[in-house]
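Engineer: Here is my input, please return the structure:
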Amino acid sequence: MKIMASVPVRKVQLVGASTFECEWIECEVVGLARWRADRHRPRYYYQAFVLKPVELHPEAPNGAAYIDAALFQVNVCRRKNSRWKPPVFPAGKGHVWLKDGYGTR
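Structural biologist: Next up, the predicted model:
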């Protein structure tokens, strides 16, 4: 499964801080995580674990590095991925791995 993801590609130095400029790049998804968006109805936010794109800046913060160094964690933007549908999650689980070999330390 592939999605369009916002990936940091350039570092911008500011006065006393730094930030990254992002570009929308098509990435291969290997896993997904979800959490409830509100309490009243079953709506979720999704984050995808994607294979690191070559355009990724080497100093970009990576929340997925504790799982696997070859992965990068991005938010799933439903507006940019209008045809994307979330997979079926196992009962009581907030994550699912779409490819074998990832997600095990």
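
Engineer: hey, let's count contacts and neighbours off CA atoms from now on
Structural biologist: Noted.

Engineer: how close does the nearest residue to residue 89 once chain neighbours are set aside get to residue 73?
Structural biologist: Spatial nearest neighbour of residue 89, excluding adjacent residues (Cα to Cα, 6 or more residues apart in numbering): residue 96 at 6.1 Å. To residue 73, residue 96 is 14 Å away according to Cα to Cα, to the nearest Å.

Engineer: go on, residue 38?
Structural biologist: In this structure, residue 38 and residue 73 are 22 Å apart, going by Cα to Cα.

Engineer: okay, now residue 77: neighbour count?
Structural biologist: Using other Cα atoms under 10 Å, residue 77 has 16 neighbouring residues.

Engineer: returning to that earlier point: okay, residue 38 and residue 73: which has more neighbours?
Structural biologist: Using other Cα under 10 Å as the criterion, residue 38 and residue 73 rank with residue 73 on top: 22 against 10.

Engineer: ok, and that one, which helix or strand is that part of?
Structural biologist: For residue 73, the element it lies in under DSSP states H and E is strand 71-75.
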